[in-house]
Structures are given as structure tokens and as C-alpha cells.
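Colleague: Build the 3D model from these lines:
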Amino acid sequence: MWGVYRYRMHNLPLFVPPGHGIVYLFGLLASQTPIVRQYGRRVAHAVLGGASVWAAAGLTVLPLVTHRIDVQGALCLPVFAYFLLRSPRWPLFAAIFIIVSELEICGTSFGNWYWMPVAPWTHIPSGNPPSVIAGGYCVIDGSVLLVLWTYRVGLKTIMTRIRTTTSPIIGPTIRDLRSSRANSGEEVSPASTNLI
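Modeller: Predicted coordinates for the structure are as follows:
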């Protein structure tokens, strides 16, 4: 879709859209596991350590084997580290890194898809798969939360304005006009009152 990777049959397989949802579901469920609850932030530090090693290997050792330097994955590392260390949703991102890494390694190894050697828009070299591409999920999650926050603030503003707006005053009716003319002392012909 974005041109950074291609599927074997050059189409978008039906498993891809629900697969991304399953990645988030796995992240939500794995973030509630006893390991995360027992060890807390140490899990985040261990995952960040693994991501850092993979990103460094993608720039140094892996190019000797894969003949591809992974700058794209290394550039995702600071984004991933920020979300992992600063976000209250860090268990979700740690779990997403684990499952996305497994899926990417298996999917590219089996030949289901492959990442382009150079990203088409940015011209940044990429591994197959990029090492810390889970940082992209962090950006997607943050973007969705920002849109929802904006929507909620906008909706709250609209609802507040609706509640505080005064009801429109109903204008005078024809009957009120007739009675006010009759009591005003003006001469009104009987024919004109019948037309109204």
C-alpha cells in the first residue's frame, strides 16, 4: 500500500487488515500477563535492549549476511524508545514489538512479503525486515489517540454550545398582529383583516 514492501502475489492478501487488528489484540492481552505485572518496567528495558541490539546489528553485522543495510529500522528505534519509556501504554508497545518482530521474520523468511531495499518516498535503505519497524505501530497508535482526543474536545465544545444556546424566540403570529393593530388605534378596514 505504501510501497515499502511487496507481497508475493503482488496484491493485498485478505489476512492483512485483520492481522493488524490481531497484532493490537495480542499487545493488549500480553500487556496483562503475570510476567509484565511482576517485573514491570524491567520488561520494557529488556525489550528495548533487544530492539537496540537488532538495530545496531542491522547497521553493522547483518549487512554482511543480507547485503542490506537497515537504516530505516535504526531510525525507528528512537521513536520506539520514546513510546516504550515515556508512555503509560508501554506494555502494549513492548508486546507489539515482540509479535511484530516474530511476524516480520517469519513472513519475510517464508517469502510471503519482502521489504524494498530502499523506501520509495524517503529513499532510506531498509532491511528485510526493518529491525524496529514496531516503532511505526507506536506512531499509528499515537496518531489515533490524538485524533480521538481532538474529536472528543471538538464534540465537547459543540455540545457545550448547544446546551448554552438560548432557544429562539418565536416571532409574532398573524393573530397577534391583528389584535395589536386592532388595539393600536389605527383604522383597519374590515376587508384587510379578512385577507389575513
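Colleague: just how off-centre is the longest helix along the chain within its chain?
Modeller: Assignment by DSSP state H gives helix 134-164 as the longest helix of the chain. In terms of C-alpha atoms, centre = their mean, to the nearest Å, the centre of helix 134-164 is found 11 Å from the chain centre.
Colleague: same check, this time on stretch 115-122
Modeller: Chain-centre distance of stretch 115-122: 22 Å, with C-alpha atoms, centre = their mean.
Colleague: Contacts for stretch 101-115, please.
Modeller: Around stretch 101-115, the neighbours that count as contacts under C-beta atoms under 8 Å, 6 or more residues apart in numbering are 4-8, 13, 19, 23, 54, 126-130, 133-134. The way it works is simple: take the backbone N, C-alpha and C, and place the C-beta from them, glycine included.
Colleague: now, the most widely separated pair of those?
Modeller: The distance between the two most remote of these (C-beta to C-beta) is 25.7 Å, for Pro13 and Trp54.
Colleague: if we can go back for a sec, what pLDDT, on average, does the longest helix of the chain get?
Modeller: What helix 134-164 shows for mean pLDDT is 82.
Colleague: So which elements touch that helix?
Modeller: Helices and strands touching helix 134-164, by 3 or more C-beta pairs under 8 Å, 6 or more residues apart in numbering; DSSP states H and E, are helix 16-30, helix 71-86, helix 90-109.
Colleague: just checking, Gln142 touches Phe83?
Modeller: Actually, residue 142 is Gly rather than Gln. Yes. Counting by C-beta atoms under 8 Å, Gly142 touches Phe83, with 7.1 Å between them.
Colleague: Good, we can wrap up now.
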